[in-house]
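Participant: Quick one, structure for this:
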Amino acid sequence: MIEKTSGGRFRARLKSGRQFVASRTFDTKREASDWLAREKAALDGGMDPRAGRRPVRTLLEEWLIIREFTVAAKTYRSDQALQRLVPTSMQAMQVGAVSEREIARSFETLIQRGLSERSVIRYRASLSTFFAWCVREKAVVRNPVTATKVPRSSEEPTEMRPWTEAELEATYDRWKARDPHLAEVLLVLGWTGMRWGEARAVLVEDVVDVPTPGLLVRRSQTEGGAVKATKGRRGRRVPVADRILPIVQRMAEGKEPTDLLITTGGGAQLHRNAVLRTVKWDQTAGGRRIHDLRHTAACLWLARGVDPGTVQAWMGHESIATTNRYLHFLGTSADQAGLDRLNDPSRGPTAKPDVPTEAADRLGRSTREALRGSPTGRGYAGGKRDGPTW
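Facilitator: The predicted structure is shown next:
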């Protein structure tokens, strides 16, 4: 039923039999009628409008309890981030009142807070899954995230800038002039592909010799944080090439198995800012980031002929698509073959045709004879052209 209030507005009341279900007040009777029609249709379809009045925060907690036991650990961690990333104002709203407008505003807020476009896309995926669950639970009629897109970031993506092997050696010499020990630390990172946090947490007992020299990367520690699993939450083995094998052996000398392997010259744990300041990174690294040492290792391995599947395992990539980024950066054998043809002087403008002259003459004679006998070749006898224009 719809009734007019003393203030001149219109209140729509929804009942199921004798039981009151919901009510809402509107400025016009048309709006009240439209709302009532939608709610009746939803009620007939099995959705209880009272469920749509529950706060987003409450339903989000219920959903996460279910997700913990039904999805992979990595997916669950992404879903858990909703409790931190969904704006407080949206979490306090009734789930049925969340519209595309609120969803779009949450995307804009996250981008303004400095989240990358890729992170916001992951947030959108988790949020859409949550509202799809609300639809299945008959709390809302439709998913408001489906029609809402993440705005494109105006910032240029950070490109990787790995060193070539020769450039790395030249940069190593510049670092060595300032601190020989830290120069060796950075060289090890450039040959093993370890992340900075992983290098800070590797232990002496992680150095292995059988069947080949390597390092077991099983933990990570950001500065100011506790020791935790690696980014992929899986340990991996990285190679220790002959170039850095003596360095790693010196780092392990005189230490207990549970001691940190890669430290400062005085045996203290590494700290990024102190290391960069000591080696004058802003003057010696050519505008690169310390994470580019990891990219350097992947490119160095691929350039040396290591197959992409092995590089994927050494880098700890979950997908080969991530490893393929380095192949695109380096170029492929097809690129090299094409460049060789472009640089071949025998294929220049003065180059002779690939078809032998005698064969070309025969081809020309047969073509002319075919033209004389064809309808379009009429009129060429005697040197006159009275046929169609070519």
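Participant: So for the longest helix seen in the chain, what gets flagged as buried?
Facilitator: If you go by DSSP state H, the chain has its longest helix at helix 117-136. For helix 117-136, a neighbour-count test (16 or more other C-beta atoms under 10 Å) marks 117, 119-120, 122-124, 126-131, 133-134 as buried. All C-beta spots, glycine's among them, are computed from the backbone N, C-alpha and C.
Participant: want to throw the residues you listed into JSON lines with pLDDT?
Facilitator: Below are those laid out as JSON lines (pLDDT from 0 to 100):
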{"residue": "E117", "pLDDT": "84"}
{"residue": "S119", "pLDDT": "88"}
{"residue": "V120", "pLDDT": "91"}
{"residue": "R122", "pLDDT": "91"}
{"residue": "Y123", "pLDDT": "93"}
{"residue": "R124", "pLDDT": "94"}
{"residue": "S126", "pLDDT": "94"}
{"residue": "L127", "pLDDT": "95"}
{"residue": "S128", "pLDDT": "95"}
{"residue": "T129", "pLDDT": "95"}
{"residue": "F130", "pLDDT": "95"}
{"residue": "F131", "pLDDT": "93"}
{"residue": "W133", "pLDDT": "92"}
{"residue": "C134", "pLDDT": "89"}
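Participant: Give me the average confidence score over whichever helix or strand comes after the longest helix of the chain.
Facilitator: Beyond helix 117-136 in the direction of the C-terminus, DSSP states H and E gives the next helix or strand as helix 165-176. On average, the pLDDT along helix 165-176 is 95.
Participant: Next, the buried residues of helix 165-176.
Facilitator: For helix 165-176, by 16+ other C-beta under 10 Å, it's L168, T171, Y172, W175, K176.
Participant: What segments of the protein are strands?
Facilitator: Counting by DSSP state E, the chain has strands at residues 2-4, 10-16, 19-26, 207-208, 214-217, 236-239.
Participant: Straight-line length of stretch 206-215, end to end?
Facilitator: One end of stretch 206-215 sits 6 Å from the other (C-alpha to C-alpha, to the nearest Å).
Participant: i'd like the first residue to be 459 from this point on
Facilitator: With the count now opening at 459, the last piece we talked about shows up as stretch 664-673.
Participant: which residues touch it?
Facilitator: Stretch 664-673 is contacted from outside by 650, 652, 660, 674-676, 695-698, 703, 706, 710, 719, using C-beta atoms under 8 Å, 6 or more residues apart in numbering.
Participant: Of these, which is the nearest to Y534?
Facilitator: Nearest to Y534 among the contacts of stretch 664-673 is R676, at 21.7 Å by C-beta to C-beta.
Participant: Assess the claim that that closest one and T688 are in contact.
Facilitator: Yes. Using C-beta atoms under 8 Å, R676 makes contact with T688 at a distance of 6.9 Å.
Participant: For the strands of the chain, which has the smallest mean pLDDT value?
Facilitator: strand 477-484 (a mean of 79).
Participant: which other helices and strands contact the longest helix of the chain?
Facilitator: helix 514-525, helix 531-538, helix 540-543, helix 558-570 (3 or more C-beta pairs under 8 Å, 6 or more residues apart in numbering; DSSP states H and E).
Participant: Any idea which of those helices gets closest to E617?
Facilitator: helix 558-570 (20.0 Å).
Participant: which residues are in contact with the closest one?
Facilitator: Contacts of helix 558-570 (C-beta under 8 Å, 6+ apart): 543-545, 548, 551, 575, 577-578, 581-582, 585, 602-603, 605-606, 608-609, 611.
Participant: now that helix and helix 514-525, what's the angle there?
Facilitator: 80 degrees (axes from the mean of the first three to the mean of the last three C-alpha atoms, to 10 degrees).
Participant: CA atoms of helix 558-570 as CSV?
Facilitator: Provided in CSV are the C-alpha atoms of helix 558-570 (Å, rounded to 0.1, in the frame of the first residue of the first chain):
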residue,chain,number,x,y,z
GLU,A,558,27.3,1.7,-8.8
ARG,A,559,28.0,5.2,-7.5
GLU,A,560,29.4,3.9,-4.2
ILE,A,561,31.4,1.2,-6.0
ALA,A,562,33.0,3.7,-8.4
ARG,A,563,33.8,6.1,-5.6
SER,A,564,35.6,3.3,-3.8
PHE,A,565,37.8,2.7,-6.9
GLU,A,566,38.6,6.4,-7.1
THR,A,567,39.5,6.6,-3.4
LEU,A,568,41.9,3.6,-3.6
ILE,A,569,43.7,5.2,-6.6
GLN,A,570,44.0,8.5,-4.8
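Participant: Run the angle between it and helix 575-594 for me.
Facilitator: Using the same axes, to 10 degrees, helix 558-570 lies at 150 degrees relative to helix 575-594.
Participant: Return the set of buried residues in helix 558-570.
Facilitator: For helix 558-570, by 16+ other C-beta under 10 Å, it's E560, I561, A562, S564, F565, L568, I569.
Participant: And stretch 719-736, by the same measure?
Facilitator: Residues of stretch 719-736 classed as buried by neighbour count (16+ other C-beta under 10 Å): L719, I720, T721, T722, L728, V733, L734, T736.
Participant: give the contact list for the third one.
Facilitator: T721 is in contact with M709, Q727, L728, counting by C-beta under 8 Å, 6+ apart.
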